[in-house]
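> Need a 3D model of the following:
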Amino acid sequence: MDNLLIFAAAAVAGAINSVAGGGTLISFPTLLWLGMDSIQANATNTVAIWPGSLGSAWGYRRELRGFDRRVVSLVIPSVIGGIAGAVLLRLTPSELFDRLVPALIFFATVIFMLQERFQRWFNWSATHAEHEGAQWVAGAMLFQFVVALYGGYFGAGIGILMLAALAIMGHTDIHQMNGIKNVLAVVINGVAAIYFIWSGLVSWPHAIVMAVGAIIGGVGGAGLARRMGRQMVRRLVIGIGFAMAISLMFRL
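Just a heads-up that it's a prediction; the model follows:
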């Protein structure tokens, strides 16, 4: 029964990610409600959802043609921050992380809720010509490190935060920005997943079931999610995110 539930949760997360993002707000709390330790649940969720991130990056391959080569510099803070966040998670006592989880889910839900507003702000950013100095690249790298640190530690909501780093560099094409963001997410979650696997934090029976569910959900469930409409899916994710945060807060 547990396997069926986490498969369904991962499938829903995969479908939501293919349309609106925010699927982690469904899959991660499900593991918690099944009684899994919060740190192990976070590590397992990161590993299980990573193949879906790779698929999303591949889906934006056309938009990545002719991308700004300065973006490559963001890979360095993505790797360092992703590993540092994963190490920080492993060093965090389970009792402390349990108390942080509701706040992290609440924060990620708010970021998700404001996603479209942030994107409009980013599209108002200045041109590349006004952001070509070394200080802009350094600022973007520093911001990306903070985002990657958070991503390696928890993960939900990093996509919209990475758009800010790209805006600092002067990007205004939201489609190309989403493509670059997905590639950087693969890097952050990938290095974190490798560390979690190496540390033995992953529950493989759950991770395998979730990975299969996420892939199937992303491919087969996307049609249903699209029929529901982007706004309906977004409202559903926001509602579930806030409900999960509040319920987990009272569960402590």
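> remind me, longest helix of this structure?
helix 174-199 (DSSP state H).
> Next SSE downstream of that helix?
As assigned by DSSP states H and E, the chain's next helix or strand after helix 174-199 is helix 204-220.
> And that next one, what does it pack against?
Contact here means 3 or more Cβ pairs under 8 Å, 6 or more residues apart in numbering; DSSP states H and E; on that basis helix 204-220 packs against helix 2-19, helix 24-33, helix 38-59. Every residue, glycine included, has its C-beta placed from N, CA and C.
> pLDDT below threshold where in the stretch 1-150 of the chain?
17-22, 56-57, 59-60, 63-64, 66-69, 111-112, 115-137 (pLDDT under 70).
> ok, 90 please
Flagging of the stretch 1-150 of the chain using pLDDT under 90 yields the residue ranges 1-5, 8-39, 42, 46, 48-78, 89-90, 92-150.
> repeat for the stretch 151-252 of the chain
Using pLDDT under 90, the stretch 151-252 of the chain drops low at 151-190, 211-252.
> picking up where we left off before, tell me the angle the longest helix of the chain makes with helix 204-220.
160 degrees (axes from the mean of the first three to the mean of the last three Cα atoms, to 10 degrees).
> buried set for helix 174-199?
174, 176-193, 195-196 (16 or more other Cβ atoms under 10 Å).
> same check, this time on stretch 86-106
86, 89, 92, 97-98, 101-102, 104-106.
> Make a markdown table out of these and add distance to Leu114 and secondary structure.
Converted to a markdown table, the buried residues of stretch 86-106 look like this (distance: Cβ to Cβ, whole Å; DSSP: H, G, I helix; E, B strand; the rest coil):
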| residue | distance to Leu114 | secondary structure |
| --- | --- | --- |
| Ala86 | 26 | helix |
| Leu89 | 25 | helix |
| Thr92 | 27 | coil |
| Phe97 | 25 | helix |
| Asp98 | 26 | helix |
| Val101 | 21 | helix |
| Pro102 | 19 | helix |
| Leu104 | 16 | helix |
| Ile105 | 15 | helix |
| Phe106 | 13 | helix |
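> Which one of those is nearest to Ala15?
Minimum distance to Ala15 across the buried residues of stretch 86-106 is 19.6 Å, recorded for Ile105 (Cβ to Cβ).
> I'd guessed Ile215 sits against Ile49; true?
No - counting by Cβ atoms under 8 Å, Ile215 does not reach Ile49; the two are 10.0 Å apart.
> Look at these two and report which has more neighbours.
Counted by other Cβ atoms under 10 Å, Ile215 and Ile49 do not tie: Ile49 has more neighbours, with 26 against 17.
> Now Val146: closest residue in space, sequence neighbours ignored.
Gly81 (7.1 Å; Cβ to Cβ, 6 or more residues apart in numbering).
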